[in-house]
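Chemist: quick one: sequence and predicted model below, then my questions.
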Amino acid sequence: MTDHLSRLFIDGSWQESVSGETFAVQNPADGSEIARIADGNAEDMTRAIDGAERAQVGWAATPALERSKILRRAAEIARADIDRLARVMTAEHGKPVAQSVGELNYGLDFIEWFAEEGRRTYGSTVPSTGPDKRIVAIRQAAGVSVAITPWNFPSLQILRKLGAALASGCSMVVKPAALTPISALEIGRFFAEAGLPAGVLQIVPSSRAARVSATIMADSRVRVLSFTGSTEVGKILMREGAATMKRLSLELGGHAPFIVFDDADVDHALDQLVAVKMRNMGQTCVSANRIFVQRSVAPEFTRRLVERLSAMRIGFGHEAEVEVGPLIEAAAVEKVEAHVADAIAGGAGVATGGRRPEHASLAYGHFYEPTVLTGVTDDMLVARDETFGPVAPIFEFDTEEEVVRRANNSPYGLAAYFFTRDVNRVVRVSEALQYGTVGANDGTISAVQAPFGGVKESGIGREGGHWGMEEYMDTKYISLAGLTRP
Ligand SMILES: NC(=O)c1ccc[n+]([C@@H]2O[C@H](COP(=O)([O-])OP(=O)(O)OC[C@H]3O[C@@H](n4cnc5c(N)ncnc54)[C@H](O)[C@@H]3O)[C@@H](O)[C@H]2O)c1
C-alpha cells in the first residue's frame, strides 16, 4: 500500500498521529493484517478542526462554479482508478469486488449530483412592510462540518456527506470507522489531486471513537455533525451536541419490513428480496429484516427463496462469481449466531443455512451461510433487533390491517418495502407505513436525487437531492431598510 495511505490527512498533507501510535486493519476474509494506520487521538482531531476552520471562510467564498469543477474533477480521477479502489475496499471490508465497484460508482454519482446542486443554492427577495424596505433571504454555508461514518459502505457513506458539504461551501473533517479507514484515506488522495484547497477536507481515522468524538462534540467551531451508524451512538451524539447546539444529521439503524401480499408479482418480489437482503451480506441499514408473506403464498415463496439463497456462492470477495463475502468481524458473526439460536429456541425452523460454512478455505474468515428461518414470531430477537447479517426470517400474516400494524411495531422507521398489484393498496399502505423511505413494488430505494433518511429512532435529516444540501446550509434573513427612490 502507498505509504501516505497509512497517515492522517490534515491541512492538505499526510501526517503521523501526534502520539505516533498506529492500529491494524484486517482482511475479514482471512484475518490477515493488511495495513497499520496512524491512530488519531483528541489532539489530532483538534488539529484537524483547526485546519477546517482556517479553510472554511475561503472555501465558502469560492465561487460555486469553481467548487463544482473541483468536485467533478475528483469524481473523474476516482472513476479512472475505480478497479484499484474497489480492490482496496474489498480487502478491508470483504464485499465482492463487483459490489465495491457499484458502491464507488454510486458514491461518485453523489459527488457529481452535488456539484450541480451546489450551483443553484438560491435565496430570495420579498417585499416588506413598506416600500422603503426589503426582506432578503440568503443561503449560507453552515460552517465547519464533521462526518462520523460506519464501515458498511466505506466510501459511499463519506462521499454522500462530503459532496453535500463541499458543494454547500462547508469544510469537512471525516472520522471514518476504524475497520475500514483505507477507503476513506483514498478519498483524501483523489480530492487533493483534484485541487481541493488544503484544510477543506481532513481525514482522521482513530481506534478511539468515543474519545475523539467527545472532542468533536465539545468544540463550538463545529457547526454540523453528520453521523451514520447505530441508534445507540446517535443518541450519545445528540446529547453531546446539545452543549454547543450543533446541527445534527443522524442516519441510524433500521429494521425494514418486506411485505409480500398474495396478489404480488412473486418473481419480481423474489428478485428484489434477494438483492436487498443479500447486498453487503445483509449488513445494510435498509436490509429486509422482517419478511412478511401472506399465508396462502408463504410455502411457495419460502421454497423459492431457499432455492435462491442456498445457490449463492460464498467466498473471498476478490474471486469472480463470489456473491457472498465474509461479515465484517467476529462479533458480527456472533450476533447472527445469537439471533438464529434465539429463534430456534423459540420454535423457528431453519430452512437453509443457520451455520458457518464448513469449507476449510473459509476457516479463518468471518463467514456465515445465507439463512432462511420459518415459523418466526414477533417476540424473537430477529423480530426486534437488527441482525445485520444474511438471515431472512419469514413471518406469515393474514390481513393488510394486521401486517401494517406489525410492520409499524418497531422503534425504527428507516425503510419498508411491499409488493402488491392492487393500485389502491399501493397508496393506502405507502401512506400508512411509518417509515422515511418506502419501496412500493421496489427493493431499490436509494437514489442520488431522492431524500433518503428515517423517522422515529432511525434518525433525523435527509441525504440526497436538494434535501441533502439543507443539512449544511443556513438561511439568513436580512432586513434592508431606508431604500429611497430617485
Ligand atoms: N441510516 C443509515 O443510513 C445507515 C446506513 C448504514 C448503517 N447504519 C447503521 O449503522 C450501524 C452499523 O454501523 P456501525 O456498527 O459502524 O455503527 P457504530 O454506531 O458502532 O459506528 C459508527 C461510527 O461511530 C463511531 N463510534 C462508535 N462508538 C462511538 C461513540 N461511543 N461515540 C462516537 N462515535 C462512535 C464508529 O467509530 C464509527 O465511525 C447499524 O445500526 C446500521 O443500521 C445506518
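Modeler: Alright, I've got the coordinates.
Chemist: which stretches in the stretch 151-300 of the chain count as helices?
Modeler: For the stretch 151-300 of the chain, the helices defined by DSSP state H, counting those that start in this stretch occupy 156-168, 181-193, 209-218, 231-241, 266-278, 298-310.
Chemist: and the stretch 201-350 of the chain, which residues reach the ligand?
Modeler: By the rule C-beta under 6 Å from any ligand atom, the part of the stretch 201-350 of the chain lying against the ligand is 209-210, 213, 228-230, 233, 236, 251-254, 285. All C-beta spots, glycine's among them, are computed from the backbone N, C-alpha and C.
Chemist: ok, the residue in the stretch 201-350 of the chain that the ligand sits nearest to - contacts?
Modeler: Per C-beta to the nearest ligand atom, the residue of the stretch 201-350 of the chain with the smallest distance to the ligand is residue 229, at 2.7 Å. For residue 229, the contacting residues are 148-150, 177, 251-252, by C-beta atoms under 8 Å, 6 or more residues apart in numbering.
Chemist: farthest pair within the residues you listed?
Modeler: 177 and 252 (14.7 Å; C-beta to C-beta).
Chemist: hmm, back to that, for ChimeraX, write the select line for the buried members of the residues of the stretch 201-350 of the chain next to the ligand.
Modeler: Applying 16 or more other C-beta atoms under 10 Å to these, the buried members can be selected in ChimeraX as follows:
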select :209,213,228,229,233,251,252,253,254,285
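Chemist: okay, the residues of the stretch 201-350 of the chain next to the ligand in a markdown table with pLDDT next?
Modeler: Converted to a markdown table, those look like this (pLDDT from 0 to 100):
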| residue | pLDDT |
| --- | --- |
| 209 | 97 |
| 210 | 97 |
| 213 | 97 |
| 228 | 98 |
| 229 | 98 |
| 230 | 98 |
| 233 | 98 |
| 236 | 98 |
| 251 | 98 |
| 252 | 98 |
| 253 | 97 |
| 254 | 97 |
| 285 | 97 |
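Chemist: between which two of the residues of the stretch 201-350 of the chain next to the ligand is the distance greatest?
Modeler: Across those, no pair lies farther apart than 210 and 254, at 23.0 Å, counting by C-beta to C-beta.
Chemist: which helix or strand in this structure has the lowest average pLDDT?
Modeler: Least confident helix or strand, the chain: strand 124-127 with a mean of 91, by mean pLDDT, DSSP states H and E.
Chemist: any buried residues in the helix or strand following it, and which?
Modeler: Next helix or strand after strand 124-127 toward the C-terminus (DSSP states H and E): strand 134-141. Residues of strand 134-141 classed as buried by neighbour count (16+ other C-beta under 10 Å): 139-141.
Chemist: over to stretch 256-273?
Modeler: Here stretch 256-273 shows 256-261, 264, 266, 269-270, 272-273 as buried, counting by 16+ other C-beta under 10 Å.
Chemist: of those residues, which pair is most distant in space?
Modeler: 256 and 266 (19.2 Å).
Chemist: now whichever residue of the stretch 1-150 of the chain sits closest to the ligand. Nearest residue, chain neighbours left out?
Modeler: Taking C-beta to the nearest ligand atom, the ligand has its nearest neighbour within the stretch 1-150 of the chain at residue 150, 3.2 Å off. Nearest non-adjacent residue to residue 150, counting by C-beta to C-beta, 6 or more residues apart in numbering: residue 229, 4.6 Å away.
Chemist: tell me the phi and psi of the one you found?
Modeler: Here is the backbone geometry of residue 229 (degrees, to the nearest 10): phi 170, psi -150.
Chemist: next one: residue 395
Modeler: Torsion angles, degrees, to the nearest 10, at residue 395: phi -110, psi 130.
Chemist: and it, how many residues sit next to it?
Modeler: Other residues near residue 395 number 24, with proximity taken as other C-beta atoms under 10 Å.
Chemist: surely it meets residue 406?
Modeler: Yes - the pair residue 395 / residue 406 is scored as a contact, 7.3 Å apart, by C-beta atoms under 8 Å.
Chemist: between those two, what contacts are shared?
Modeler: Counting by C-beta under 8 Å, 6+ apart, the residues touching both residue 395 and residue 406 are 292, 378.
Chemist: so residue 326 touches residue 90, yeah?
Modeler: No - in this structure residue 326 lies outside contact range of residue 90 using C-beta under 8 Å: 10.5 Å.
Chemist: where does residue 14 land in three-state SS?
Modeler: Following DSSP: H, G, I helix; E, B strand; the rest coil, the label given to residue 14 is strand.
Chemist: and it, how far is that from residue 189?
Modeler: Remark: distance between residue 14 and residue 189 (C-beta to C-beta, to the nearest Å) = 9 Å.
Chemist: do residue 368 as well
Modeler: As judged by C-beta to C-beta, residue 368 and residue 189 stand 33 Å apart.
Chemist: before we move on, what about residue 55?
Modeler: Distance check for residue 55 against residue 189: by C-beta to C-beta, it reads 18 Å.
Chemist: who has more neighbours, those two?
Modeler: Higher neighbour count among residue 55 and residue 189: residue 55, with 23 against 20, using other C-beta under 10 Å.
Chemist: now the more buried one. Nearest residue, chain neighbours left out?
Modeler: Leaving aside its sequence neighbours, residue 55 sits nearest to residue 199 (C-beta to C-beta, 6+ apart; 3.1 Å).
Chemist: from memory residue 138 sits against residue 480, does it?
Modeler: No - between residue 138 and residue 480 there is no contact under C-beta under 8 Å: 11.5 Å.
Chemist: got the buried residues of strand 134-141 as JSON lines, with distance to residue 350 and pLDDT columns?
Modeler: Converted to JSON lines, the buried residues of strand 134-141 look like this (distance: C-beta to C-beta, whole Å; pLDDT from 0 to 100):
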{"residue": "139", "distance to residue 350": "54", "pLDDT": "96"}
{"residue": "140", "distance to residue 350": "56", "pLDDT": "96"}
{"residue": "141", "distance to residue 350": "53", "pLDDT": "98"}
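Chemist: closest to residue 423 out of these?
Modeler: Distance to residue 423 across those (C-beta to C-beta) is lowest for residue 139, with 39.1 Å.
Chemist: residues in contact with residue 436?
Modeler: Residue 436 sits next to 413-415, 452-455, 458-459, 462 when contact means C-beta under 8 Å, 6+ apart.
Chemist: distance of it from the ligand?
Modeler: In this view, residue 436 and the ligand are 9 Å apart by C-beta to the nearest ligand atom, to the nearest Å.
Chemist: please tell me how far the residue positioned nearest the centre of the chain sits from the ligand.
Modeler: Most central in the chain under C-alpha atoms, centre = their mean is residue 157, positioned 4.4 Å from the mean C-alpha point. Separation of residue 157 from the ligand (C-beta to the nearest ligand atom) stands at 6 Å.
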